[in-house]
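> When you get a sec, could you give me coordinates for this:
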Amino acid sequence: YKLRLHAGTLVATLTGVAMLTIVHDHYFISFLIRLATTSIGLLTSSLVNIIVLPPNYTPIITRKIQNLSKQMGGVLHQRGSELSQVHACHKQTKLQFQQLSAEIEKIETLCEYQRKEWKFHHFTRTAMRKFHYEYKKLSLMRQLVYHIGNLIYLPAHQLQSARHQVIWDTFTSFHNVLQNEQYKSSLHHQTLVLTLKQRFWAHKQEEHRGNHPFSTETTMLYELLAIHHLLEELHRIHCLKDRYNLNNSSVSLSS
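Below is the predicted model:
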């Protein structure tokens, strides 16, 4: 408790109770035996964790980020369906969005564990570089969650039929991009984004001339363009990992 290791308090308490024995005599010898056995156990486990099987959280972080990406695609697709049908955000969609934020916090904790491990082990340059890129992806995904949250709480707005189709196609395209590990967008996706940019600047100029605040549709266009920019950054990071052959390489500790 004094060391603030609250996560292990329950296990430590159960272990302590299980280790308690009733000693009727030879108190000092019993104390030495218990001290020796406990010390041997701690020393052995420490050597195993440091030398034999050192923890490596990077593969777990990579896998969780891939799953997080697919979950984001699902939330975006669901929210796009609601906006296209002029529906308010469903309770289930909000719950899935909250799960995204919670999952990011879990991955952040694993990243912190990995940094602490570097204080005790010597990692290869390849391992450190891969972790660095994964953490960059996590930072971008945190920004993605922020923009998805803005869409979650965006009020329903009726769009014209042509605009409605472009918006829905964009949400569907985002879903497809987030489902593949390369975050590669199609030519159709680029065409949709170009259309969104043209409409966003047209709306902005009209609202500026009329001295009006951003409308719901303009805000939606801005959020979609911001998400596109983040997806482009994720694709760029994947290409950098390919350049250094980090996407399929196994990461190991240096001896």
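> going forward, measure contacts between C-alpha atoms and count neighbours the same way
Noted.
> ok, the residue nearest to the spatial centre of the chain to L234 distance?
Relative to the mean C-alpha position of the chain, the nearest C-alpha, by Cα atoms, centre = their mean, is the one of I104, at 4.0 Å. Using Cα to Cα, to the nearest Å, one gets 16 Å for the distance from I104 to L234.
> Now the element after the helix or strand where T62 lies, going C-ward?
When secondary structure is defined using DSSP states H and E, the element that contains T62 is helix 58-84. Counting by DSSP H and E, the next helix or strand C-terminal to helix 58-84 is helix 91-117.
> Going by contacts, tell me the helices and strands next to the helix or strand following that following helix.
Per DSSP H and E, the first helix or strand lying C-terminal to helix 91-117 is helix 125-152. Contact here means 3 or more Cα pairs under 8 Å, 6 or more residues apart in numbering; DSSP states H and E; on that basis helix 125-152 packs against helix 58-84, helix 91-117, helix 216-243.
> okay, the angle between the longest one and helix 58-84?
Looking back up the chat, that one is helix 216-243. Here helix 216-243 runs at an angle of 160 degrees relative to helix 58-84 (axes from the mean of the first three to the mean of the last three Cα atoms, to 10 degrees).
> average pLDDT for helix 216-243?
Averaging pLDDT along helix 216-243 gives 92.
> What residues sit buried inside that helix?
Within helix 216-243, the residues scored as buried using 16 or more other Cα atoms under 10 Å are 217-228, 230-235, 237-239, 241.
> Show me what it is packed up against.
Contacting helix 216-243 under the criterion 3+ Cα pairs under 8 Å, 6+ apart are the following elements: helix 125-152, helix 161-179, helix 187-209.
> now the angle between helix 125-152 and that helix, please.
Helix 216-243 and helix 125-152 meet at an angle of 170 degrees, taking the same axes, to 10 degrees as the criterion.
> can you list the helices and strands packed on helix 125-152 in JSON lines and add distance to T170?
As requested, the helices and strands packed on helix 125-152 are exported to JSON lines (distance: least, Cα to Cα, whole Å):
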{"stretch": "helix 58-84", "distance to T170": "9"}
{"stretch": "helix 91-117", "distance to T170": "18"}
{"stretch": "helix 216-243", "distance to T170": "8"}
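> burial of the nearest residue to N176 once chain neighbours are set aside, as a residue count?
The shortest distance from N176 to any non-neighbouring residue, by Cα to Cα, 6 or more residues apart in numbering, is to G73 (7.2 Å). The local packing of G73 (other Cα atoms under 10 Å) involves 22 other residues.
> check contacts around G73.
In this structure, G73 makes contact with F174, H175, N176, V177, L178, Q179, judged by Cα atoms under 8 Å, 6 or more residues apart in numbering.
> go again using 7 Å as the cut-off
Counting by Cα atoms under 7 Å, 6 or more residues apart in numbering, G73 touches F174, H175, L178, Q179.
> ditto for Y222
F200.
> Can you tell me the closest non-neighbouring residue to I107?
Distances taken as Cα to Cα, 6+ apart place I61 nearest to I107, at 6.2 Å, with adjacent residues excluded.
> hang on, the earlier thing: could you tell me how far the helix holding T62 lies from the centre of the chain?
9 Å (Cα atoms, centre = their mean, to the nearest Å).
> And it, what's buried?
Buried residues in helix 58-84 (16+ other Cα under 10 Å): 58, 61-62, 64-84.
> For stretch 100-108, give the mean pLDDT please.
Per-residue pLDDT values across stretch 100-108 average out to 94.
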